[in-house]
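Chemist: 3D model of this:
(2 chains)
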Amino acid sequence: MTKNALEITNILEIKNIKRHYPVSSGILSLSKATVKAVNDISLEVRNGETLGLVGESGCGKSTLARLLTGLESPDAGSIFFKDKEFKNWDSAKIGTMMQMVFQDPYSSLNPRQKVGNIISEGMRIHKFGSRKEISARVEELLVQVGLRPEHAKRYPHEFSGGQRQRIAIARAIAMNPDLIVCDEPVSALDVSVQAQVLNLLKKIQKEFKLSYVFISHDLSVVSHISDRVAVMYLGKLMEIAPTETLYHNPLHPYTQVLLEAVPIADPTIKTVEASISGDMPSPISPPSGCPFHPRCLKAMDICKETPPVRKEVEPDHYVFCHLY
Amino acid sequence: MRNKKPLTPPTRFQRYGLLILGLTLVGTISIAAIFAPLLTPYDPFALNVDNLLQAPSSTHLFGTDALGRDVFSRILYGGRVSLWVGFVAVGISTAIGLVLGLTAGYFGGLVDEIIMRGVDVMLCFPSFFLILAVIAFLEPGLMNIMIVIGFTSWMGVARLVRAETLSLRKRDFVQASKLAGAGPIRIMATHILPNAITPVLVSATLGVAGAILVESSLSFLGLGVQPPDPSWGNLLMDGKEVLEIAPWLSVFPGMAILLTVLGYNLLGEALRDILDPRLKQ
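Modeler: Reported below is the predicted structural model:
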């Protein structure tokens, strides 16, 4: 897929980013336990691509999304947007570069605001135009996401989950961002509606030349929309590769079991016994070395001690594993 | 489990009966007070030495007092004062409670800690004695009563609003609004306040009843509205000296207070039931 690293421009780059939440346990809260939600992650989002981000619940995907959009600040590490470092930025400015589509369309729209006002809030704050121009733009946006102009005057409760997610998408593109972080945008929707929303996201990506970070725990959804996929486990990256490569040649043992666990809708195929046991360890005290080693079938002694580093096993296919 | 009655949604009467009763009481009394000049047959301040302590009759509906003034007229005019005090005091306390509750809940941390400890301190004082002390220090009068009642009854609203704000500020639509570039004041005004206003409305309605009671108590003690201005509290006080020979002087203002407070309480509770989404069918 990629031959020359110089051709690629990264729209977003994060370096060694960390976000640890303090957990006060005990009456005197003397113990200084932390949840290592995002623990030393580096990755880049290329211009115009969709980067899928998969992992189990609790692996830090959503925290990473909030860090990317500046809704939370990292404890360590740096974020670069179009090669400019993202530090003490005016949070009002971030919105015109990055937007977010949230998981739950029932909680992401203010129930007391009309759809038109929800979509136009950012445009009004940033004074994109006169009141008339903005309301014309809102109607245009509604049509672009497959709704009708007159829907601007309605309240969110009058819409279904899929329609609400369309409204959320309209709100995101209203700001003319370069990147949209989609945090499980279809996981709360019916399967039939999921496909419609995914196709809408694809269509809009083309029209607006957008880059996406697409977070999901659903591997089939991610494969449908992503150009590259990054696999996360316990706040760390495990593997990152172009979608095709990752699905046909998963290298990391965790990616392998993750892909095996995808159910196949064919009753004649006998499902293989899961080759993974146990639960994900608590992110409060993650295992030393490679976080996956207690559950890994191929674990070696070194895995318990040293965290694996990023290795490019084949072009553009990076793995964090001592096997390679 | 077997013998228990299944839970049923409230019937139409349970739901709206109290509301209608409350609205009727509050509405009648408010209209009577607002249109007092049109409804009263006599000047509430006019003395009439020929008609002292008259019992209720067709000429003086509620009788006359020790100075010959018409009690019916004085009750209607007193209602204006009592209701006005109730509304303004609740307006002040709700405004203070909203601002502090939003600030504490939205910013959290040290700001929250300081404001909520302030609430705790205010709640430590027996509020009526605090009001007495402050009024004794200032001078009794309409304005001072409203301000003092307002400044000593905002704590409940502040707690209520803070709790709502804490849960609302984590919601995705607030996050989306931050990404749209909205600042704290805009977020509080357009996203948090409209979603937190329902319980405040209920508490304000109940608060009007409370404020009217406090005003009446203060006026009864002579620390509230000063004679000759009538208020339900000082009408009661006028009546107490002649309670045995002219009970109507105390009974009618007492009834006015009772019915008004009852009306606001019924209205508040009915609103709480109707507006609570958990009780919706």
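
Chemist: Tell me the buried residues in the helix or strand B:L193 falls within?
Modeler: In this assignment (DSSP states H and E), B:L193 forms part of helix B:193-220. Neighbour counts over helix B:193-220 (16 or more other C-beta atoms under 10 Å in any protein chain shown) mark B:193, B:195-200, B:202-220 as buried. Placement of C-beta: from N, CA and C, glycine included.

Chemist: Keep only those that also lie close to chain A.
Modeler: For chain A, the contacts drawn from the buried residues of helix B:193-220 by C-beta under 8 Å from any C-beta of the partner chain are B:N195.

Chemist: so the helix or strand following the helix holding B:L193 versus helix B:193-220, what angle?
Modeler: From helix B:193-220 onward toward the C-terminus, using DSSP H and E, the following helix or strand is helix B:232-240. Angle, helix B:232-240 to helix B:193-220, by axes from the mean of the first three to the mean of the last three C-alpha atoms, to 10 degrees: 20 degrees.

Chemist: what about A:S42, which SS state?
Modeler: The three-state label given to A:S42 by DSSP: H, G, I helix; E, B strand; the rest coil is strand.

Chemist: and it, how far is that from A:I284?
Modeler: Using C-beta to C-beta, to the nearest Å, A:S42 is found at 23 Å from A:I284.

Chemist: Which parts of the stretch 51-200 of chain A are helices?
Modeler: A:61-68, A:91-94, A:115-125, A:131-144, A:161-174, A:191-208 (DSSP state H, counting those that start in this stretch).

Chemist: Turn those into CSV, including distance to chain B.
Modeler: What follows is the helices of the stretch 51-200 of chain A, written out as CSV (distance: least, C-beta to the nearest C-beta, whole Å):
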stretch, distance to chain B
helix A:61-68, 8
helix A:91-94, 4
helix A:115-125, 3
helix A:131-144, 13
helix A:161-174, 7
helix A:191-208, 16
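
Chemist: how about the residues of the stretch 101-250 of chain B near chain A?
Modeler: B:171-173, B:175-183, B:186, B:190-191, B:194-195.

Chemist: Geometric centre of chain A: which residue is closest?
Modeler: In chain A, the centroid-proximal residue (C-alpha atoms, centre = their mean) is A:I215; its distance is 2.9 Å.

Chemist: and the longest helix seen in chain B with helix B:232-240, angle?
Modeler: For chain B, the longest helix by residue count, based on DSSP state H, is helix B:71-107. Helix B:71-107 runs at 140 degrees relative to helix B:232-240, counting by the same axes, to 10 degrees.

Chemist: Contacts made by the following helix or strand past helix B:71-107 with the rest, please.
Modeler: Using DSSP H and E, the helix or strand that directly follows helix B:71-107 along the chain is helix B:109-124. With C-beta atoms under 8 Å, 6 or more residues apart in numbering or on different chains as the test, helix B:109-124 has contacts from B:100, B:103-105, B:152, B:154-155, B:158-159, B:162.

Chemist: same thing but 6 Å
Modeler: B:100, B:104, B:155, B:158 (C-beta atoms under 6 Å, 6 or more residues apart in numbering or on different chains).

Chemist: again with stretch A:38-50
Modeler: Taking C-beta under 6 Å, 6+ apart as the rule, stretch A:38-50 contacts A:8-19, A:51, A:60, A:63-64, A:211-214, A:225-227, A:230, A:235-237.

Chemist: List buried members of these by neighbour count.
Modeler: Buried, going by 16+ other C-beta under 10 Å: A:10-15, A:17-19, A:51, A:60, A:63-64, A:211-214, A:225-227, A:230, A:235-237, out of these.

Chemist: Narrow those to those in helices?
Modeler: A:63-64, A:225.

Chemist: From those residues, pick the one nearest B:G233.
Modeler: Closest to B:G233 out of those is A:T63 (58.7 Å), distances taken as C-beta to C-beta.

Chemist: Make sure that closest one is actually in contact with A:A37.
Modeler: Yes - in terms of C-beta atoms under 6 Å, A:T63 counts as a neighbour of A:A37; the distance is 4.1 Å.

Chemist: overlap in contacts of these two?
Modeler: A:R19.

Chemist: I'd like to know how far B:V134 sits from B:E215.
Modeler: 14 Å.

Chemist: Repeat that for A:F292.
Modeler: Taken as C-beta to C-beta, the span from A:F292 to B:E215 is 69 Å.

Chemist: How about B:D172?
Modeler: Where B:E215 is concerned, B:D172 sits at a distance of 44 Å (C-beta to C-beta).

Chemist: cool, B:E244 as well?
Modeler: For B:E244 relative to B:E215 (C-beta to C-beta), the value is 27 Å.

Chemist: how many other residues sit next to A:D75?
Modeler: Around A:D75 sit 16 other residues, with neighbours defined as other C-beta atoms under 10 Å in any protein chain shown.

Chemist: Name the nearest residue to A:P177, ignoring sequence neighbours.
Modeler: A:Q99 (4.3 Å; C-beta to C-beta, 6 or more residues apart in numbering or on different chains).

Chemist: And B:T165, by the same measure?
Modeler: B:G105 (2.7 Å).

Chemist: my guess is that neighbour contacts B:L168, does it?
Modeler: No - with contact defined as C-beta under 6 Å, B:G105 does not reach B:L168; the gap is 8.0 Å.

Chemist: Looking at those two, which has the bigger crowd around it?
Modeler: B:G105 (26 against 22).

Chemist: contacting residues for that one?
Modeler: B:162, B:165-166.

Chemist: ditto for A:E184
Modeler: A:103, A:215-216.

Chemist: Out of those, which comes closest to A:E305?
Modeler: For the contacts of A:E184, the minimum distance to A:E305 (C-beta to C-beta) is 30.9 Å, reached by A:I215.

Chemist: beta partners of the closest one?
Modeler: A:L53, A:D183 (DSSP bridges).

Chemist: Was I right to think it contacts A:C59?
Modeler: No - look at A:I215 against A:C59 with C-beta under 6 Å: they stay out of range, at 10.4 Å.

Chemist: What is the burial count for the closest residue to A:G162 other than its chain neighbours?
Modeler: Excluding its sequence neighbours, the residue lying closest to A:G162 (C-beta to C-beta, 6+ apart) is A:V193, at 3.7 Å. Residues near A:V193, counting by other C-beta under 10 Å, number 17.

Chemist: And for the one 10 residues further on?
Modeler: A:K203 is flanked by 13 other residues according to other C-beta under 10 Å.

Chemist: Now do the same contact list for it.
Modeler: Per C-beta under 6 Å, 6+ apart, neighbours of A:K203: none.

Chemist: okay, now residue 144: neighbour count?
Modeler: You didn't pick a chain, so chain A it is. 18.

Chemist: looking at chain B here, not the other one
Modeler: Residues near B:N144, counting by other C-beta under 10 Å: 17.

Chemist: Pull up the per-residue confidence for it.
Modeler: Here the pLDDT value assigned to B:N144 is 89.

Chemist: wouldn't it be in contact with B:V134 here?
Modeler: No - using C-beta under 6 Å as the test, B:N144 is too far from B:V134 to be in contact (8.1 Å).

Chemist: one step back: pipe the helices of the stretch 51-200 of chain A into CSV and attach distance to B:T28 and mean pLDDT per row.
Modeler: As requested, the helices of the stretch 51-200 of chain A are arranged in CSV below (distance: least, C-beta to C-beta, whole Å; pLDDT from 0 to 100):
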stretch, distance to B:T28, mean pLDDT
helix A:61-68, 55, 89
helix A:91-94, 52, 74
helix A:115-125, 39, 94
helix A:131-144, 44, 95
helix A:161-174, 45, 95
helix A:191-208, 53, 92
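
Chemist: ok so, going back, and the helix holding B:L193, what does it pack onto?
Modeler: With contacts taken as 3 or more C-beta pairs under 6 Å, 6 or more residues apart in numbering or on different chains; DSSP states H and E, helix B:193-220 sits against helix B:71-107, helix B:142-151, helix B:155-168, helix B:232-240, helix B:248-275.

Chemist: Recalculate using a threshold of 8 Å.
Modeler: Secondary-structure packing of helix B:193-220 (3 or more C-beta pairs under 8 Å, 6 or more residues apart in numbering or on different chains; DSSP states H and E): helix B:71-107, helix B:127-137, helix B:142-151, helix B:155-168, helix B:232-240, helix B:248-275.

Chemist: Thank you kindly, that will do.
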